[in-house]
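J.: below are the sequence and a predicted model; questions follow.
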Amino acid sequence: MNGITLALSKGRIFTETLPLLAAAGIVPTDDPETSRKLILATNRPDVRLVIVRASDTPTYVQHGAADLGIAGKDVLLEHGGTGLYQPLDLKIARCRMCVAVPDGFDYETAVRRGARLRVATKYIRTAREHFAVKGVHVDLIKLYGSMELAPLVGLADAIVDLVSTGGTLKANRLVAVEDIMPISSRLVVNQAALKMKREVLQPILDAFAGAVA
Ligand code: PRT
Ligand code: MG
């Protein structure tokens, strides 16, 4: 294909990317929230969008199935970033990566005593790194969603998860006890595509950069 393919997940990333696309003169002709199509056309015949699971975006771009994509830093850290050029923090879909425990659980004391903590998370790599640096012994339990449930039913002592409004933690009587890092979404570009398709890609990257600034 001569044109370019942009990988996006639906939901917050798609919604918050629309203004950036508009700045690059790109308007999708379908709405992924209502259409079941996974390949969406745009007003530009040389630009199409593919709708993928958020955690799959780096994989599509790494293999060149998409030339560029938009993915959360959380997702990129777990993927590792192989084969990806990451030129731009788009500052969208912002949140924080946190450690959270049930309200009343004495996390500080547990850590100080060197207790072995059971931590449930979707973000194994990030969590392993965080606790290794702190010298805290953990047993990591991989989950794919609804991490907030794990401490409530005795699967884990703590979770590592994303927090934006804090509403989900509150509703489940959990409290954030550590901030691991701020998270936002990044533009990722296939390294080979950047060389081969620079003429089409560069103006889009520039428009995104202009819209973010
Ligand atoms: O939903 P799916 O399982 O397909 O994948 P996903 O959850 O990875 O995708 P999506 O579309 O929900 O999120 C895409 C990206 O948005 C993530 O990779 C993050 O970079 C970013 N983002 C920003 C968030 C949040 N804010 C967020 N609040 N991703 C998830 N959440 C979840 C969080 O995990 C927790 O369960 O929302 C809940 C907390 O929200 P508050 O507002 O109650 O604090
Ligand atoms: Mg989600």
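T.: Arrived safely, thanks for sending. Ligands and ions are numbered 1, 2, ... in the order given.
J.: C-alpha only now, for contacts and for neighbours.
T.: Noted.
J.: which residues are in contact with the residue nearest the centre of the chain?
T.: By C-alpha atoms, centre = their mean, the mean C-alpha position of the chain lies nearest to residue 72, the distance being 2.4 Å. Residue 72 makes contact with 54, 93, 183-186, according to C-alpha atoms under 8 Å, 6 or more residues apart in numbering.
J.: farthest-apart pair in the residues you listed, please.
T.: Of all pairs drawn from these, the greatest distance, 14.0 Å, lies between 54 and 183 (C-alpha to C-alpha).
J.: neighbour-wise, which of the contacts of residue 72 leads?
T.: Among these, residue 185 has the most neighbours (other C-alpha atoms under 10 Å), with 24 neighbours.
J.: C-terminal to the lengthiest strand in the chain, what's the next element?
T.: Secondary structure of the chain per DSSP state E: the longest strand is strand 174-183. Moving toward the C-terminus from strand 174-183, the next helix or strand (DSSP states H and E) is strand 185-190.
J.: given that next one, what are its sheet partners and their directions?
T.: When sheet partners are counted by DSSP bridges, strand 185-190 sits next to strand 68-72 (antiparallel), strand 84-89 (antiparallel).
J.: distance from the chain centre to the last one, please.
T.: Translated: strand 84-89. With C-alpha atoms, centre = their mean, to the nearest Å as the basis, strand 84-89 stands 13 Å off its chain's centre.
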